[in-house]
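Student: Below are the sequence and a predicted model for it; my questions follow.
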Amino acid sequence: QVQVIESGGDSVQAGDSLRLSCAASRGTFSNYVVGWFRQAPGKGREFVAAIRWSYGYTWYADYVKGRFTISRDNAKNTVYLQMSALKPEDTAVYYCAADSAGWRTSTKAGDYQYWGQGTQVTVSS
């Protein structure tokens, strides 16, 4: 059972870039899908991006395509979310999550079993 730890949240200005990290503690991401979700105040948790660890296959929500990039570092057992051209509407708590069904390409929060505590991203206009 993998444990997920996020870091990198911050308060930035619109147009800035920020990189979030998601590390596996107690276990590895091998054969997992690792995804990022976010939740803004008063809203539900929404999918942002995910990566299939085995092949590096990635998929994104339409509202972040072209601005966010998800990647992995095998040696560090870490997944990154590089966010560029940030907008105020990107303000949310960002969560990293892992799905042990490593073959799946899910965008549903319910399909991910292991979640981190979340890291706050605030984008000011």
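Tutor: Yep, that arrived.
Student: looking only at pLDDT, what's the mean for stretch 63-77?
Tutor: Throughout stretch 63-77, pLDDT has a mean value of 96.
Student: Now that stretch: buried residues?
Tutor: Under the neighbour-count criterion of 16 or more other CB atoms under 10 Å, stretch 63-77 has 64, 68-70, 72, 77 buried. Yep, even glycine has a C-beta here, placed from its N, CA and C like the rest.
Student: which residues touch it?
Tutor: Under the contact criterion CB atoms under 8 Å, 6 or more residues apart in numbering, stretch 63-77 has outside partners 23-24, 28-29, 34, 36, 48-51, 53, 56, 58, 60, 78-86, 90.
Student: What about the residues you listed, which are in strands?
Tutor: Under the assignment DSSP state E, the contacts of stretch 63-77 contribute 23-24, 34, 36, 48-51, 58, 60, 78-83 to strands.
Student: how far away is the nearest residue in space to R38 that is not next to it in sequence from F47?
Tutor: In space, R38 comes closest to A92 once its chain neighbours are excluded; the distance is 3.8 Å by CB to CB, 6 or more residues apart in numbering. Distance of A92 to F47, given as CB to CB, to the nearest Å: 12 Å.
Student: And K76, by the same measure?
Tutor: Counting by CB to CB, the gap from K76 to F47 is 24 Å.
Student: Could you do A61 as well?
Tutor: 5 Å.
Student: Between these two, tell me which one has more neighbours.
Tutor: F47 (20 against 16; other CB atoms under 10 Å).
Student: separation between that one and K65?
Tutor: Relative to K65, F47 is positioned 12 Å away (criterion: CB to CB).
Student: Then W103?
Tutor: Counting by CB to CB - W103 and K65 are separated by 23 Å.
Student: Please apply the same query to A40.
Tutor: 19 Å.
Student: show me the contacts for the residue nearest to R38.
Tutor: 38-40, 43, 120-121.
Student: Go again with 6 Å.
Tutor: Contact partners of A92, counting by CB atoms under 6 Å, 6 or more residues apart in numbering, are 38-40.
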